[in-house]
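> sequence plus the predicted model coming up.
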Amino acid sequence: MISLGDARDRVLRDCRPLDIVEVAVDDAIGLVTAEEVLAPEDVPPFANTAMDGFAVVAADTAGASEEAPVRLPVVGTVAAGTRDPVTVAAGHAARIMTGAAIPPGADAVVMVELCRPSADGDEVEVLAEVAPGNHVRPAGDDLRAGDVVIAPGLELTAGHLGLLAGVGRSHVRVVRRARVGVMSTGDELVDGGAALAPGQIRDANRHSLLALLRDLGCEAVDLGIVADDVAAIRAAIVDGVGSCDALVTSGGVSMGDFDFVKVVLDELGDMDWMQVAIRPAKPLAFGTVDGVPVFGLPGNPVSSMVSFELFARPGLRQMMGHEDTGRSVVTAVADEGLAREADGKIHLVRIVASVVDDGKVHVRSAGGQGSHQLSAMAAANALAVVPDGPGVEPGGPVEAILLGRPL
């Protein structure tokens, strides 16, 4: 058997970064930047108000209070985006709306809740003293012209996309999104809800893997179910590697007489057939066909998903330029024992992780641990990494690979 670390290293060796492309900012979520973006101008480009209220000369509000308000004539209204020329001279005020430019002469804003305008709006009583700069957002308060907005190697989030749009960028250079084909193999597989014939099962793996790819930020391509036939499998793999950046297959990678995926991949590619020292997901095929990475995952539904998390996810993230290729790992507290027998393997236990009052992540079993029991995998939001040995005692520490946010 091969260790988990060595198997992952084998995968990463042949998962090389994809091309750099320019994409629309709105299409760049989750992609990794391949350029440095500088602010071409100050953001905001002008001093503006953070509040609705009245723009004033701060010195005019000295001593103002509820009991002794300062009365100021109102010279106009400044709305966001307005071009109306309004100047605030000493002893005057202008009504101003959030985001509007601070008018010349004013150096502070009194929020509307601390003002009492007259019925006709020609005057306002200021009910509190304010300092210069009160509720004023200076030009360049967020970014100065020439500041680094986006660095290379950054995974773009919604906030980053808004930031790029805010400095006038409509496109950005990134490592492109991987196009990944998924196919299931097996005469026993059917799709949809039709009645099952004897010996048939419904194909869950392909749908799980397509969803995992979309969650990863890949373009997922459904290559369907392929029968246990060498010619059909060969045609599907040739078509997949011809149109995709990577290929994920499910089933046919063990040592059985009908594991024809192995036969075809040995014929077409440079493949390694590994027995990884983990449970579930021991069998793993990985290699390249015409330079395209091919992940041959096991057919049991839990094994397929766990194998994807441990091997396909890191490889595909590396292809898309990510430095951090895996899921987050935390040290958690086992609320119940995670018993096992020594067998030379790392066990990946499906667990439910939650944060409790002590601020720590606590975990418990998500249910049945058989490689066919997809219901427990669906209930899990983490995998406990239980090393070879007797397992984890109740209250003991355990590493948890987070598949989602702890409850």
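Here it is on my side, so go on.
> poorly predicted segments of this structure, please.
Residue ranges of the chain with pLDDT under 70: 254-258.
> got the domain ranges for it?
The chain breaks down into these domains under automatic domain parsing: 4-19+177-319, 20-44+141-175, 48-137, 329-402.
> which of the ones you listed sits most buried?
domain 4-19+177-319 (a mean of 19; mean count of other Cβ atoms under 10 Å). Quick note: C-beta positions are derived from backbone N, CA and C, even for glycine.
> now the helices for the chain?
Remark: helices assigned in the chain by DSSP state H are 4-13, 158-166, 205-216, 230-243, 260-268, 301-307, 313-319, 374-379.
> so can I have JSON lines of the ones you listed showing distance to residue 97?
Shown next, in JSON lines, are these (distance: least, Cβ to Cβ, whole Å):
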{"stretch": "helix 4-13", "distance to residue 97": "54"}
{"stretch": "helix 158-166", "distance to residue 97": "20"}
{"stretch": "helix 205-216", "distance to residue 97": "41"}
{"stretch": "helix 230-243", "distance to residue 97": "54"}
{"stretch": "helix 260-268", "distance to residue 97": "65"}
{"stretch": "helix 301-307", "distance to residue 97": "52"}
{"stretch": "helix 313-319", "distance to residue 97": "45"}
{"stretch": "helix 374-379", "distance to residue 97": "50"}
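> which one of these lies closest to residue 356?
Residue 356 lies closest to helix 374-379 among these, at 18.3 Å (Cβ to Cβ).
> which strands and helices sit next to that closest one?
helix 301-307, strand 346-355 (3 or more Cβ pairs under 8 Å, 6 or more residues apart in numbering; DSSP states H and E).
> now render these as CSV, adding distance to residue 123.
Compiled in CSV, the helices and strands packed on helix 374-379 are given as follows (distance: least, Cβ to Cβ, whole Å):
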stretch, distance to residue 123
helix 301-307, 70
strand 346-355, 55
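> what's the closest of the helices of the chain to residue 138?
Comparison of these against residue 138 by Cβ to Cβ identifies helix 158-166 as nearest, at 16.4 Å.
> show residues contacting the closest one.
The contact list for helix 158-166 (Cβ atoms under 8 Å, 6 or more residues apart in numbering) reads 25-26, 28-29, 37, 43, 149-150, 154, 172.
> most widely separated two among those residues?
Maximum distance among the contacts of helix 158-166 (Cβ to Cβ): 21.1 Å, for 29 and 43.
> follow-up on the earlier one: what about the contacts of helix 158-166, which are in strands?
Counting by DSSP state E, the part of the contacts of helix 158-166 found in strands is 37, 149-150, 172.
> tabulate these in a markdown table, adding columns for distance to residue 86.
A markdown table is the format used below for the ones in strands among the contacts of helix 158-166 (distance: Cβ to Cβ, whole Å):
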| residue | distance to residue 86 |
| --- | --- |
| 37 | 35 |
| 149 | 32 |
| 150 | 37 |
| 172 | 38 |
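> and of the residues you listed, the nearest to residue 226?
For these, the nearest to residue 226 is residue 172 (37.9 Å; Cβ to Cβ).
> returning to that earlier point: for residue 54, which of the helices and strands packed on helix 374-379 is the nearest?
Nearest of those (Cβ to Cβ): strand 346-355, 45.6 Å.
> circling back to that earlier point, residue 192: which of the helices of the chain is closest?
helix 205-216 (11.0 Å).
> closest one to residue 266 among the helices and strands packed on helix 374-379?
Of all the helices and strands packed on helix 374-379, helix 301-307 sits nearest to residue 266, with 19.2 Å by Cβ to Cβ.
> got the contact list for residue 118?
Contact analysis of residue 118 by Cβ under 8 Å, 6+ apart lists 124-125.
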